[in-house]
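**Q** the sequence and its predicted three-dimensional model are supplied below.
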Amino acid sequence: MMDSELLPPENLGGPRIDTTNCAREPIHIPGSIQPHGALLVLTAAELRIVQVSANVEHFLGHAPEQVLGRSLADLAAASEVEALARFLAGETLEKNAQYVFCLNFGERRVYDATAHRADALVIVELEEQDAAASSAGFYHSIKNALSELEGAEGVAALLSSAARQVRHLTGFDRVMIYRFAEDDSGEVVAEAQREDLHSFLGHRFPESDIPRQARALYVKNLLRLTADVDAPPSPLVPLLNPVTGAPLNLGGAVLRSTSPMHLQYLRNMEVASSLSVSIVQDGRLWGLISCHHTRAKIVPQAVRAACEFLGRVLALQISAKRAAETFRL
Ligand SMILES: C=CC1=C(C)/C(=C/C2=[NH+]C(=C\c3[nH]c(/C=C4\NC(=O)[C@@H](C)\C4=C/C)c(C)c3CCC(=O)O)/C(CCC(=O)O)=C2C)NC1=O
């Protein structure tokens with residue numbers, strides 16, 4: 001097995017992951033999700049439920065064995081299920097598309113839902129709704145953030161503004177802009193933090209802090225949230241997907257459990273919650289917007305979408321400002 005090949009997961013007989021082999025940890029198939037949401041895996045054709053997260057009863061009022069094998073249409077409002085089917089009919093597997101909608105399971109069980117394709121399956125993730133995140137004021141702050149980024153004079157001012165805007169939008173205790181060097185080590189090049197916290201500005205970190213398989217995933221999936229480093233993961237039921245007979249690829253999932261290695265890294269930094277947004281330029285991971293909170297923090301779907309959008313705008317603005325500085329436009 002080549003050094004860069006990923007190891008089988010520990011829950012399927014793989015070796016214990018430690019600092020000597022963590023660059024080969026298969027982080028896309030943890031076999032569990034973070035428990036602040038629930039996950040359903042459906043067949044694409046009939047939208048039949050073939051795999052769930054063990055905590056599904058808390059969200060749907062039915063135990064896993066009462067849900068497995070049933071059609072989503074048996075459990076949720078027909079209009080929303082039909083909208084999901086229409087979306088899936090129009091999408092191709094190549095697109096890393098997410099479908100964001102609402103699912104109503106009756107008895108006031110109404111959730112933000114995020115759907116995406118994984119192999120020949122559809123993963124639907126359910127999260128509690130957050131009214132504040134969809135208010136007009138929220139959209140106003142995104143508009144302001146964009147104007148600030150566009151008005152920044154030069155790359156350094158742009159990165160500082162981005163850190164400030166993301167902190168304002170999300171309320172994280174600390175927001176950093178982390179830039180990768182040619183050797184994939186990294187440096188904190190901008191920061192906005194709670195005034196009583198020490199600064200990481202100018203600190204450099206080795207390539208191993210964000211290993212190869214994580215960087216590769218982050219070019220495809222642009223945002224990840226660890227809501228609570230101490231929350232017990234909710235395992236998938238059954239552990240192997242019955243359609244594929246393999247572990248479910250959670251690389252595109254918003255609730256994917258974070259690597260235990262990284263959870264310990266965050267605890268060592270006295271961080272309870274972390275969110276990062278990829279800054280991708282020409283298909284390469286230029287850097288990350290890395291956010292920390294000293295307490296557990298669930299970031300609602302709408303706020304995450306805004307952060308991901310800002311990350312994309314920031315990548316474009318970095319190129320534009322660098323070109324302007326180079327050619328003194
Ligand atoms: C201020 C500086 C600063 C730095 C440098 C920083 C690093 C950082 N690591 C990240 C991810 C991972 N790291 C590791 C593994 C290891 N990390 C190590 O140090 C060694 C012990 C090790 C194995 C031996 C793995 C498997 C993952 C993937 C986790 C997953 O997605 O499941 C992320 C993105 C996730 C996030 O947003 O929090 C960041 C931003 N976060 C900061 O704020």
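**A** Sure thing, it's come through. This is a predicted model, so every value here is computed, not measured. Residues are numbered from 1 along each chain as shown.

**Q** before we move on, what SS does the closest residue to Ser160 other than its chain neighbours have?
**A** Nearest non-adjacent residue to Ser160, counting by CB to CB, 6 or more residues apart in numbering: Ala190, 4.7 Å away. Every residue, glycine included, has its C-beta placed from N, CA and C. Three-state call for Ala190 (DSSP: H, G, I helix; E, B strand; the rest coil): strand.

**Q** isn't Ala190 right next to Arg174, touching?
**A** No. Using CB atoms under 8 Å, Ala190 is not in contact with Arg174, being 11.6 Å away.

**Q** where along the stretch 151-300 of the chain do the helices fall?
**A** 155-170, 212-220, 260-268 (DSSP state H, counting those that start in this stretch).

**Q** in CSV: those, plus mean neighbour count and mean pLDDT.
**A** Supplementary listing: the helices of the stretch 151-300 of the chain in CSV, determined by neighbours: other CB atoms under 10 Å; pLDDT from 0 to 100:
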stretch, mean neighbour count, mean pLDDT
helix 155-170, 20, 96
helix 212-220, 16, 96
helix 260-268, 15, 96
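
**Q** turn those helices into a markdown table, including distance to Glu25.
**A** Listed next are the helices of the stretch 151-300 of the chain as a markdown table, based on distance: least, CB to CB, whole Å:
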| stretch | distance to Glu25 |
| --- | --- |
| helix 155-170 | 27 |
| helix 212-220 | 7 |
| helix 260-268 | 6 |
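
**Q** can you name the residue of the stretch 1-150 of the chain nearest the ligand?
**A** Here the stretch 1-150 of the chain gets closest to the ligand at one residue, Cys22, 2.8 Å apart by CB to the nearest ligand atom.

**Q** contacting residues around that residue?
**A** Residues near Cys22 by CB atoms under 8 Å, 6 or more residues apart in numbering: Ser208, Pro211, Ser259, Met261.

**Q** Throw together a PyMOL command that grabs the buried residues out of the residues you listed.
**A** Buried members of those, defined by 16 or more other CB atoms under 10 Å, are picked up in PyMOL with:
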select buried, resi 211+259+261
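
**Q** out of the contacts of Cys22, the closest to Leu40 would be?
**A** Distance to Leu40 across these (CB to CB) is lowest for Ser259, with 23.6 Å.

**Q** could you pull up phi and psi at the closest residue to that closest one other than its chain neighbours?
**A** Leaving out its chain neighbours, the residue that sits closest to Ser259 by CB to CB, 6+ apart is Ile27, at 4.9 Å. Here is the backbone geometry of Ile27 (degrees, to the nearest 10): phi -70, psi -20.

**Q** how near is Ile27 to Cys102?
**A** 29 Å (CB to CB, to the nearest Å).

**Q** up against the ligand, what does this protein have?
**A** Residues of the chain lying near the ligand by CB under 6 Å from any ligand atom: 19, 22, 25, 27, 176, 186, 188, 200, 205, 208-211, 214, 224, 226, 258-259, 261-262, 265, 274, 276, 288, 290.

**Q** residue of the stretch 51-200 of the chain closest to the ligand, please.
**A** Phe200 (4.6 Å).

**Q** run a quick neighbour tally on Tyr200.
**A** Let me fix one detail, which is that residue 200 is Phe and not Tyr. 18 (other CB atoms under 10 Å).

**Q** point out where the chain drops to low pLDDT.
**A** Within the chain, the segments meeting pLDDT under 70 span 1-4, 91-96, 134-137, 328-329.

**Q** find the centremost residue of it, please.
**A** For the chain, Arg224 is the residue whose C-alpha lies nearest the centre (CA atoms, centre = their mean; 2.3 Å).

**Q** before we move on, the earlier item: and the residue of the stretch 1-150 of the chain closest to the ligand, its phi and psi?
**A** Per degrees, to the nearest 10, the backbone of Cys22 is at phi -70, psi -10.

**Q** what residues are up against the residue in the stretch 151-300 of the chain that the ligand sits nearest to?
**A** Relative to the ligand, the nearest point of the stretch 151-300 of the chain is Ser276 (2.9 Å; CB to the nearest ligand atom). Each residue near Ser276 by CB under 8 Å, 6+ apart is listed here: Tyr218, Leu223, Arg224, Leu288, Ile289, Ser290, Cys291.
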